[in-house]
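**Q** Pasting the sequence and the predicted coordinates here, then a few questions.
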There are 2 protein chains.
Amino acid sequence: MAKKDVPSKVTIVEVAEKAGVSLGTVSRVMNNDIHVAPDTRERVAAVMREMGYVANRQARGLKGSRTNVIGVLAPDLGTGYIGEILHGIDTELGLHQFDLMLFTTHRTAIKEANYVANLVKGMVDGLLLILPRNPADYTGILTNANFPFVLIDHQGTGSLCPAVGATNWQGAYNATEYLIKLGHKRIGFITGSMDLGAAIDRLDGYKSALQVHHIPEDPQLIYEGTFFQPDGYAGGSALLDLDDPPTAIFASNDVMAMGAMDAIRGRGLRIPEDVSILGFDDIPQSAMVRPALTTVRQPLEHMGRLATQMLIDQLKNPEKGIDRVELPTQLIVRDSTLSPKDRAG
Amino acid sequence: MAKKDVPSKVTIVEVAEKAGVSLGTVSRVMNNDIHVAPDTRERVAAVMREMGYVANRQARGLKGSRTNVIGVLAPDLGTGYIGEILHGIDTELGLHQFDLMLFTTHRTAIKEANYVANLVKGMVDGLLLILPRNPADYTGILTNANFPFVLIDHQGTGSLCPAVGATNWQGAYNATEYLIKLGHKRIGFITGSMDLGAAIDRLDGYKSALQVHHIPEDPQLIYEGTFFQPDGYAGGSALLDLDDPPTAIFASNDVMAMGAMDAIRGRGLRIPEDVSILGFDDIPQSAMVRPALTTVRQPLEHMGRLATQMLIDQLKNPEKGIDRVELPTQLIVRDSTLSPKDRAG
DNA sequence: GAAACGCTTGGAAACGTTTCCATAATATTA
DNA sequence: TAATATTATGGAAACGTTTCCAAGCGTTTC
């Protein structure tokens, strides 16, 4: 096959020629510059339409201007969790005619934060960081560089930077309180990765609720996980093996809750009659699982959308102050929680 | 805050200067060009490391060369289905030092295929098209342009083009046969969007199995859906309302199967005792749902990985013939299917 | 020992934009 | 009506690379 050229390689030059104006004018039309006469604008626009002109974004980006692409740095794509956030980001981006460039860091060594920051430079106008493991590495560099970014689901340690998160503490507090009011006194807790702010906040919320309701905190009831399903299974098993096992288990996210459910069922116990189980996140399958999982809803998609809005705001309006917002979490009661039955002995 | 420059804006020029060579030489070092003396190469490389040089990809792309970014065109991010594929793509891409640019078409009008093709040009070295609604629009343009691409889960209508899919027909055939062997005679079928090849193939597989086993095809038992959950509910309801309702329902994907499950339960019927249900895809939540869903596993992640490999192959080796591969599907029997109970009258 | 060759390197053009500066044309003011 | 302010446009430099061409230089070959 003869090697034809990609669709039609029409550049600003051809447009200018055909419209009988200079390059500068065509560029100005494209960028909605004020200083161009209405009829000129119309004529040029017509030619552009007619020739099917599409700006070459490489060239545009090269000359130090915006690329209309924003970058998303995500740990990986394995969990539905990231997918939900991405969905929100994508939706909002669509509204503003931006495109999305996705970088996953799962393969990138920790120390490469600088490399990433460099790499990304020039390719994207701004960066959305989802749940970075080592946020300080990034935030320092990016702040210094005055490069627009927003943190998602992480309240960057130390220095103030734009971020959107959820009320993790409050959500965990409310959920724990709900279990207590149901009558549970021994409530197991499976934590997330404790290097993540969200995990810490959830644990704190749990502890605070116990304290307020005068239930002594039992270290045995706290199992340290890392947000993955196997931890839920392991944690559930460990908790049930206790001499005085909990009547309810609160996992720091839904997939661990599902792991714990398997552990419970594996021991021939019923959910929720024998053991109540409660999650965090409200990922889509939580409603589908049987019994449907009671959980703390985190507005993931909304978080994605909001962060995107904030970033675009920053882009349009560089001198704005930095925002940090926390979206409310919400307890979703389904079928996996119940009052504990009276236990003899 | 003083506006510092992004990390350190070190260009090829500075590197050349510091290393005491010309621009061309530095470029040659970066691109592993043969014609550069070992010691020169070493010296330049050292300087690059030392200065933390990272190539500006815009500039590189501009001069007609590769960008090391590949584009993914996906309908949307709403379903876990796409997520799985993306996961595979991302994994493979990581191995080859490529980055990923994601374009979602849900917002883009059908007719804009040309626009997209143009837009993408220059930004990415190749394109992965996931389940395009109107593949012909793209494939024609891209083929003409000699632009590398691979279709995922769509056997591009008409002209031959690189594609990876799954054995949809065989999967549906096997699943239907399995139900028949269980003793089912009236098997309801909920189709996907019939403008998609995969949906057509699945329906055909179902029909063929019936035919081979001498079960008459009943148009009433076929409900046309569009791959979304509400269709599953509606389809399930419609099928159960038949005078002679099916004892098993086979949905063209898992989310519709779950919709159908709700419809079944809503009528007070039990799964699988009263009605068996079978899905397609094996998305993660299928194993989690209760009862766990019997389904036809599509190796989504693997498809993503393979397509990516094929694309990278094409990039490195432009004159290769075009490959089309179908990955095998596999029936996963779980708890949602059972022999029909004997029905009196 | 000279010619031819091959390898390494420097230099410069080119990629398609944006943006700044200058100039021409037009409108406003005194 | 002349002087001035304003607006519309053209021209050219700049962005950071790649790549082509040619030149330098050391080796081989006759």
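**A** Here it is on my side, so go on. Here the structure is a predicted model, which means the values were calculated and not measured.
**Q** where in the stretch 51-200 of chain A is pLDDT low?
**A** Judged by pLDDT under 70, the stretch 51-200 of chain A has its weakly predicted residues at A:64-65, A:78, A:106-122, A:132-134, A:155-159.
**Q** let's see it at 50
**A** The model of the stretch 51-200 of chain A has pLDDT under 50 over residues A:109-111.
**Q** mind listing the helices for it?
**A** Per DSSP state H, counting those that start in this stretch, the stretch 51-200 of chain A carries helices over the ranges A:57-62, A:80-95, A:113-120, A:135-145, A:168-182, A:197-212.
**Q** Buried residues, the fourth one. List them.
**A** Right, the one you point to is helix A:135-145. Residues of helix A:135-145 classed as buried under the neighbour-count rule (16 or more other C-beta atoms under 10 Å in any protein chain shown) are A:135, A:137-143, A:145. Heads up, the C-betas are built off the backbone N, CA and C, glycines and all.
**Q** So of these, which two are at opposite extremes in space?
**A** Greatest spatial distance in those: A:135 and A:145, 15.3 Å, computed using C-beta to C-beta.
**Q** Including distance to chain B, could the helices of the stretch 51-200 of chain A go into a markdown table?
**A** Putting the helices of the stretch 51-200 of chain A into a markdown table (distance: least, C-beta to the nearest C-beta, whole Å) gives the following:
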| stretch | distance to chain B |
| --- | --- |
| helix A:57-62 | 4 |
| helix A:80-95 | 4 |
| helix A:113-120 | 4 |
| helix A:135-145 | 4 |
| helix A:168-182 | 21 |
| helix A:197-212 | 21 |
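**Q** so which of the ones you listed is the most packed in?
**A** Mean neighbour counts were compared across the helices of the stretch 51-200 of chain A using mean count of other C-beta atoms under 10 Å in any protein chain shown; the top stretch is helix A:80-95, at a mean of 23.
**Q** now what about that helix, what contacts it?
**A** Under the criterion C-beta atoms under 8 Å, 6 or more residues apart in numbering or on different chains, residues A:70, A:72, A:74-77, A:99-100, A:102, A:128, A:130-131, A:152-153, A:253, A:281, A:283-285, A:300-309, A:312, B:76-78, B:80, B:83, B:102, B:104, B:106-107, B:284 lie in contact with helix A:80-95.
**Q** just the CA coordinates of it, formatted as PDB?
**A** Backbone C-alpha positions of helix A:80-95 (Å, rounded to 0.1, in the frame of the first residue of the first chain) are rendered in PDB as follows:
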ATOM      1  CA  GLY A  80     -12.600  -0.200  41.000                       C
ATOM      2  CA  TYR A  81     -11.800   2.500  43.400                       C
ATOM      3  CA  ILE A  82      -9.500   4.300  41.000                       C
ATOM      4  CA  GLY A  83     -11.900   3.700  38.200                       C
ATOM      5  CA  GLU A  84     -14.600   5.600  40.000                       C
ATOM      6  CA  ILE A  85     -12.500   8.600  40.500                       C
ATOM      7  CA  LEU A  86     -11.200   8.400  36.900                       C
ATOM      8  CA  HIS A  87     -14.800   8.400  35.700                       C
ATOM      9  CA  GLY A  88     -15.500  11.600  37.500                       C
ATOM     10  CA  ILE A  89     -12.300  13.200  36.200                       C
ATOM     11  CA  ASP A  90     -13.100  12.200  32.700                       C
ATOM     12  CA  THR A  91     -16.600  13.500  32.900                       C
ATOM     13  CA  GLU A  92     -15.600  16.900  34.100                       C
ATOM     14  CA  LEU A  93     -12.700  17.100  31.600                       C
ATOM     15  CA  GLY A  94     -15.000  16.400  28.800                       C
ATOM     16  CA  LEU A  95     -17.000  19.500  29.700                       C
END
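**Q** now the closest residue to residue A:103 other than its chain neighbours, which residues is it bridged with?
**A** Among residues not flanking residue A:103 along the chain, residue A:73 sits closest, at 5.1 Å (C-beta to C-beta, 6 or more residues apart in numbering or on different chains). With DSSP bridges as the criterion, the beta-bridge partners of residue A:73 are residue A:103, residue A:129.
**Q** all strands for chain A, in order.
**A** Counting by DSSP state E, residue ranges of the strands within chain A are A:69-74, A:99-104, A:126-130, A:149-152, A:163-166, A:187-190, A:222-223, A:248-251, A:276-281, A:294-297, A:324-327, A:330-332.
**Q** Take these and lay them out in TSV including distance to DNA strand C.
**A** Below are the strands of chain A laid out as TSV (distance: least, C-beta to the nearest atom of the strand, whole Å):
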stretch	distance to DNA strand C
strand A:69-74	14
strand A:99-104	15
strand A:126-130	16
strand A:149-152	21
strand A:163-166	29
strand A:187-190	51
strand A:222-223	55
strand A:248-251	50
strand A:276-281	41
strand A:294-297	42
strand A:324-327	30
strand A:330-332	44
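**Q** Indicate which one of these is closest to residue B:40.
**A** Closest among the strands of chain A, using C-beta to C-beta: strand A:99-104, at 32.5 Å.
**Q** Could you tell me the angle between that closest one and helix A:80-95?
**A** Angle of strand A:99-104 versus helix A:80-95, following axes from the mean of the first three to the mean of the last three C-alpha atoms, to 10 degrees, is 160 degrees.
**Q** residues in contact with strand A:99-104?
**A** Residues contacting strand A:99-104 (C-beta under 8 Å, 6+ apart): A:68-77, A:86, A:89-90, A:93, A:116, A:120, A:123-124, B:69, B:90, B:94, B:99-104.
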